[in-house]
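>>> quick one, structure for this:
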Amino acid sequence: MEKTLSERIAVRTKATSRTTKTNSARNRSAFRRVQDDIKLALDDGWPVKLIWETLHEEKAIAFSYQTFRVYTNELVLCRRKKSVLR
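Residues are numbered from 1 along each chain as shown. Reported below is the predicted structural model:
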């Protein structure tokens, strides 16, 4: 007996959500490994896009520029602002 569409969607959603969580954790971990280098490059005045292109080309990170921007804003720039305010 063939599964219904709803059953197939449920199976697919369950498998996809696991993969998404794994990818997200893997991406964040890769970013954390190069975070200090990113901070230094930003301090030296390099544009975020060029930093991403270089790291992506070197295969230090494998995620999109959009994801890189989110992590940069969240983990580098926002923390920098908080430390300035203290």
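
>>> drop to CA atoms for contacts and neighbour counts, all remaining ones
Noted.

>>> what about the protein, any weak spots by pLDDT?
Scanning the chain for pLDDT under 70 picks out the ranges 17-21, 79-86.

>>> how far is the lengthiest helix in the chain from where the chain is centred?
Longest helix of the chain, by residue count under DSSP state H: helix 5-43. On the basis of CA atoms, centre = their mean, to the nearest Å, helix 5-43 sits 7 Å off its chain's mean C-alpha point.

>>> show me what that helix is packed up against.
Where contact means 3 or more CA pairs under 8 Å, 6 or more residues apart in numbering; DSSP states H and E, helix 5-43 is packed against helix 48-57, helix 65-71.

>>> and the angle from it to helix 48-57?
Helix 5-43 and helix 48-57 are oriented at 110 degrees to each other (axes from the mean of the first three to the mean of the last three CA atoms, to 10 degrees).

>>> quick one: the helices and strands packed on helix 5-43 as CSV, columns for distance to residue 13 and mean neighbour count too.
Converted to CSV, these look like this (distance: least, CA to CA, whole Å; neighbours: other CA atoms under 10 Å):
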stretch, distance to residue 13, mean neighbour count
helix 48-57, 29, 15
helix 65-71, 22, 15
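
>>> any chance of the ones you listed in TSV, plus distance to residue 24?
Shown next, in TSV, are those (distance: least, CA to CA, whole Å):
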stretch	distance to residue 24
helix 48-57	16
helix 65-71	10
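
>>> so which of these gets nearest residue 10?
Between residue 10 and those, the tightest spacing by CA to CA is seen for helix 65-71, at 26.8 Å.

>>> what lies in contact with that closest one?
Contacting residues not belonging to helix 65-71 are listed as 28, 31, 48, 49, 52 [CA atoms under 8 Å, 6 or more residues apart in numbering].

>>> farthest-separated two in the residues you listed?
28 and 49, at 17.6 Å, using CA to CA across the contacts of helix 65-71.
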